[in-house]
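Asker: here are the coordinates; sequence isn't available:
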């Protein structure tokens, strides 16, 4: 699998919508960068984000170790 991912691939990995991935990238919750006008995501960075979010969720500290969210979807 390629090290660089598209927003569709990230959405599939995070099990969320593409618009959620776009919002998280725009709000700098998940790291991304642009190649021309296309936004790309490094697989290692997304996996690190997931790991931090999982640790924070298990420890009961939302956002405590650098992950900005523990819930990816919209608040209810």
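Answerer: Now that the structure is in, tell me what you want to look at. Small disclaimer: the values here were computed from a predicted structure and weren't measured. Numbering: from 1, shown residues only.
Asker: State the mean pLDDT of stretch 24-40.
Answerer: The pLDDT scores in stretch 24-40 average 94.
Asker: Equivalent analysis for stretch 58-75, please.
Answerer: On average, stretch 58-75 scores 58.
Asker: shift numbering so it begins at 277
Answerer: New numbering, starting at 277: the last item is stretch 334-351.
Asker: contacting residues around residue 281?
Answerer: The contact partners of residue 281, by Cβ atoms under 8 Å, 6 or more residues apart in numbering, come to 289, 316-319, 322. Quick note: C-beta positions are derived from backbone N, CA and C, even for glycine.
Asker: how about a markdown table for those residues, with neighbour count, secondary structure and distance to residue 335 added?
Answerer: Below are these laid out as a markdown table (neighbours: other Cβ atoms under 10 Å; DSSP: H, G, I helix; E, B strand; the rest coil; distance: Cβ to Cβ, whole Å):
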| residue | neighbour count | secondary structure | distance to residue 335 |
| --- | --- | --- | --- |
| 289 | 15 | helix | 23 |
| 316 | 18 | strand | 31 |
| 317 | 23 | strand | 25 |
| 318 | 14 | strand | 25 |
| 319 | 15 | helix | 25 |
| 322 | 19 | helix | 21 |
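Asker: which residues of this structure fall in helices?
Answerer: Using DSSP state H, the helices of the chain run over residues 283-290, 294-302, 319-335.
Asker: show me the contacts for the spatially closest residue to residue 298 that is not a sequence neighbour.
Answerer: In space, and not counting its chain neighbours, residue 298 is closest to residue 283: 6.2 Å by Cβ to Cβ, 6 or more residues apart in numbering. Contact partners of residue 283, counting by Cβ under 8 Å, 6+ apart, are 294, 297-298, 301, 315, 317.
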